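Asks: build me a structure from this.
(4 chains)
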There are 2 protein chains.
Amino acid sequence: MSNQVYLVDDDEAIRDSLGWLLQSRGLTCTAFASAEEFLAAWSPQLAGCLLLDIRMQGMSGLQLFDRLLELGNRLPVLFLTGHGDVPMAVSALKKGAFDFVEKPCDDKELMGRVLEALQVDASNRASAASSESINSRLEKLTTRERQIMELILAGKFNKVIADELQISMRTVEVHRANLFEKMGVRTAVELSQLMTGRR
Amino acid sequence: MSNQVYLVDDDEAIRDSLGWLLQSRGLTCTAFASAEEFLAAWSPQLAGCLLLDIRMQGMSGLQLFDRLLELGNRLPVLFLTGHGDVPMAVSALKKGAFDFVEKPCDDKELMGRVLEALQVDASNRASAASSESINSRLEKLTTRERQIMELILAGKFNKVIADELQISMRTVEVHRANLFEKMGVRTAVELSQLMTGRR
DNA sequence: CCCTTAATTGTGGATATCCACAACCCGCCG
DNA sequence: CGGCGGGTTGTGGATATCCACAATTAAGGG
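Replies: As a prediction, the model looks like this:
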């Protein structure tokens, strides 16, 4: 699990105190003084979580959040704010923010939520990674192999597939063997488990 | 889709005005003057959504919410409050509340959220129904059949299963055929698709 | 004690799958 | 032109699956 926390707050005192708190508990904290700075450093591969102040000079935390959503951010976002209101919190959470905390807040409380966020990120990344690995294997399939895979996943026998595609059963067998090989499965059931949920 | 809205608020004026609003848009509104009253009427089969005031005489809306969670409530809960604060909203949403709205609120806004909640409920119920149907079929399986199903889902051949269970392959075939019949599937792939995600 | 249900096994034949070995056609690219 | 990759097909044999027909054993309930 990554122990990286990104902190965006335009108040240096907060950056220092929170940074100290996080690091004293064994987390790595990287601080940014503005939304723009973080945006410049952001990449889809960042792991960890994001502590985000709302009221800031320039781009606000909420605007940064929206922008990150567009960019496909997967980092759990924990809003930190001194002047939040209910609709703001509700909207942020419904858009997928991980948490919304008012400053000042209890150190233990905050640490707990940050750790939760890091957990969530770790499990998100794990499932994203396996899904990526599946995608890369899918890309190695030829058109015909993908087509036949669909029919296998529809629970059809080789014979039926051959009929539907107007090719010999032997050909279906070959494609089937090849695609199993490429997908790294040994049986149709494994393939089905690998693929159910996507598509 | 159900058009039933349950409204719990101890203020008669609110019950009347909201009830009127909802009914004027074609929804059915059933109002309760206290958490206790609703609790008495509640059953797991209720469909629709729940509009819940927080500050009330006796049990508060939040307490009712917690109690309903324990009871396995699946109705989307839309909190309505005149005196909510941010931590309260955050905690409610993180516990699974559907929304958290401050009174007074815009009629159109509220209607939109209520309709959303009804949609969510409808789709929840649809998937719960199919999952229920699967469960009831699972219950009809004998212990042995369930056991063999596990091994099939692990992608094992009848032969291997027979070895592992120290029984004849013929027996495995029989159980397999029976459980396919009971589960309403024709192939192992279909079974796998039915079962992946649960367990 | 009888009946039911679950679990078990056998026989035998029709089908289906798996696989090694070989081969042909075609379009694309250097 | 020659090579390469993708799609195609065939043969034949070893395995596996599917299924109808038949039957035994053990446990639990009425």
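Asks: longest helix in chain A, please.
Replies: Counting by DSSP state H, the longest helix found in chain A is helix A:107-139.
Asks: dihedrals phi and psi, the residue most central in space within chain A?
Replies: With distances taken as C-alpha atoms, centre = their mean, the residue of chain A nearest its centroid is A:Arg74 (3.9 Å). According to degrees, to the nearest 10, the main-chain angles of A:Arg74 amount to phi -120, psi 0.
Asks: check contacts around it.
Replies: Going by C-beta atoms under 8 Å, 6 or more residues apart in numbering or on different chains, A:Arg74 touches A:Pro44, A:Asp121, A:Asn124, A:Arg125, A:Ala128. No exception for glycine: its C-beta is placed from N, CA and C like everyone else's.
Asks: distance of it relative to A:Arg125?
Replies: Using C-beta to C-beta, to the nearest Å, one obtains 8 Å as the distance from A:Arg74 to A:Arg125.
Asks: what does A:Gln4 give?
Replies: 12 Å.
Asks: tell me which stretches of chain A form helices.
Replies: A:12-24, A:35-41, A:61-71, A:86-94, A:107-139, A:143-153, A:158-165, A:169-183, A:188-195.
Asks: on that earlier part again, among the contacts of A:Arg74, who's most crowded?
Replies: Each of the contacts of A:Arg74 was scored by neighbour count (other C-beta atoms under 10 Å in any protein chain shown); the top score is that of A:Asp121, with 22 neighbours.
Asks: let me see the contact set for it.
Replies: A:Asp121 sits next to A:Met1, A:Ser2, A:Ala47, A:Gly48, A:Cys49, A:Arg74, A:Leu75, A:Pro76 when contact means C-beta under 8 Å, 6+ apart.
Asks: ok, for the second one, nearest residue in space, not its chain neighbours?
Replies: Spelled out, that is A:Ser2. Nearest in space to A:Ser2, with sequence neighbours left out and distances taken as C-beta to C-beta, 6 or more residues apart in numbering or on different chains, is A:Ala47 at 4.0 Å.
Asks: same question for the fourth one.
Replies: Counting by C-beta to C-beta, 6+ apart, the nearest residue to A:Gly48 once its immediate chain neighbours are dropped is A:Gln4, at 3.2 Å.
Asks: so the one you found makes contact with A:Thr28?
Replies: Yes. With contact defined as C-beta atoms under 8 Å, A:Gln4 and A:Thr28 form a contacting pair (5.0 Å).
Asks: need the overlap of contacts for the two.
Replies: Any residue near both A:Gln4 and A:Thr28 by C-beta under 8 Å, 6+ apart counts here, and that gives A:Gly48.
Asks: ok, those two, which is more surrounded?
Replies: Using other C-beta under 10 Å as the criterion, A:Gln4 and A:Thr28 rank with A:Gln4 on top: 18 against 13.
Asks: how close does that one get to A:Ala41?
Replies: Shown here: A:Gln4 relative to A:Ala41, a distance of 12 Å by C-beta to C-beta.
Asks: check contacts around the residue sitting furthest away from the middle of chain A.
Replies: Of all residues in chain A, A:Ser168 has its C-alpha farthest from the mean position, at 42.8 Å, by C-alpha atoms, centre = their mean. With contacts defined as C-beta under 8 Å, 6+ apart, the neighbours of A:Ser168 are A:Ala162.
Asks: if I look at it, how far off is A:Lys159?
Replies: Distance, A:Ser168 to A:Lys159, by C-beta to C-beta: 10 Å.
Asks: then A:Asp106?
Replies: Taken as C-beta to C-beta, the spacing of A:Asp106 relative to A:Lys159 amounts to 67 Å.
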